[in-house]
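Student: Make a model of this:
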Amino acid sequence: MSKKTIGIIVGSLRKESFNKAIANYVASITPSDYEVKFIDIGGLEIFNQDLEGNPPASWTKLREDVKSADGFLFFTPEYNRSIPAVLKNALDVASRPYGENSWAGKPAGIVSVSLGSIAGFGANHHLRQIFTFLDIHPLQQPEAYIGDVTSLLDGNGNLVNEGTQSFLKTYLDAFINWVEKF
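Tutor: Residues are numbered from 1 along each chain as shown. Have a look, this model is predicted:
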């Protein structure tokens, strides 16, 4: 049996991204019978339907990466009570052209990571709203909100908080079970 592929999409492009730090930790604890693939969304041209006749190479690559994955873990910060533009752009690009939605029918998990105590609640739920239209099936329980993230990481950006490590292991186990249902 071939390994299932989990696509990891990080909505923060910052070099020292807290979301990337948490995503790296989750990738490191993913069972060995799964392949983890980080899907880069930072170089995508902004979606413009006029480009569909000759789509940019970055769009084609994203669409292929999405089609080849068996499920997705999204790690997102919250920008102005919503998701980052780069993440919305990736969702839009891979859902087109009309009738060829690369995301359709696939399972996903959402981990929102924030400096604040609200822990990206708005972004997490806004992403769920978008998933409904794109036919992406989010894991419902447990939900993953990582707040006050700077207190959970060491100076090198490594997750050192044991309680958060334990929670993310529980979350990942639930997500893997969710992927298996598909």
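Student: Mind naming the longest helix for this protein?
Tutor: The helix that spans the most residues within the chain, counting by DSSP state H, is helix 162-180.
Student: Dump that helix to PDB, keeping only the CA atoms.
Tutor: Only the C-alpha atoms of helix 162-180 are listed here, as PDB (Å, rounded to 0.1, in the frame of the first residue of the first chain):
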ATOM      1  CA  GLU A 162       4.700  19.800  26.700                       C
ATOM      2  CA  GLY A 163       0.900  20.500  27.000                       C
ATOM      3  CA  THR A 164       0.800  22.000  23.500                       C
ATOM      4  CA  GLN A 165       2.900  19.100  22.200                       C
ATOM      5  CA  SER A 166       0.400  16.600  23.700                       C
ATOM      6  CA  PHE A 167      -2.600  18.500  22.300                       C
ATOM      7  CA  LEU A 168      -1.100  18.600  18.800                       C
ATOM      8  CA  LYS A 169      -0.400  14.800  19.000                       C
ATOM      9  CA  THR A 170      -4.100  14.300  19.900                       C
ATOM     10  CA  TYR A 171      -5.200  16.600  17.100                       C
ATOM     11  CA  LEU A 172      -3.000  14.900  14.600                       C
ATOM     12  CA  ASP A 173      -4.300  11.500  15.600                       C
ATOM     13  CA  ALA A 174      -7.800  12.700  15.100                       C
ATOM     14  CA  PHE A 175      -6.900  14.200  11.700                       C
ATOM     15  CA  ILE A 176      -5.200  11.000  10.500                       C
ATOM     16  CA  ASN A 177      -8.400   9.100  11.500                       C
ATOM     17  CA  TRP A 178     -10.400  11.700   9.500                       C
ATOM     18  CA  VAL A 179      -8.200  11.200   6.400                       C
ATOM     19  CA  GLU A 180      -8.600   7.400   6.700                       C
END
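Student: can you give me the strands in this protein?
Tutor: Along the chain, counting by DSSP state E, strands occupy 4-10, 34-38, 71-76, 107-113, 137-138, 144-146.
Student: Output the ones you listed as TSV; include the columns mean pLDDT.
Tutor: Shown next, in TSV, are the strands of the chain (pLDDT from 0 to 100):
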stretch	mean pLDDT
strand 4-10	98
strand 34-38	98
strand 71-76	98
strand 107-113	98
strand 137-138	98
strand 144-146	97
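Student: What separation do you get for the spatially most central residue of the chain and I22?
Tutor: Among the residues of the chain, the one closest to the centroid is F74, at 1.3 Å (Cα atoms, centre = their mean). According to Cβ to Cβ, to the nearest Å, F74 stands 11 Å off from I22. Every C-beta, even on glycine, is put in place using the N, C-alpha and C of the backbone.
Student: what's the burial count for Q165?
Tutor: 15 (other Cβ atoms under 10 Å).
Student: ok, now how distant is it from Y25?
Tutor: For Q165, the distance to Y25 equals 7 Å [Cβ to Cβ].
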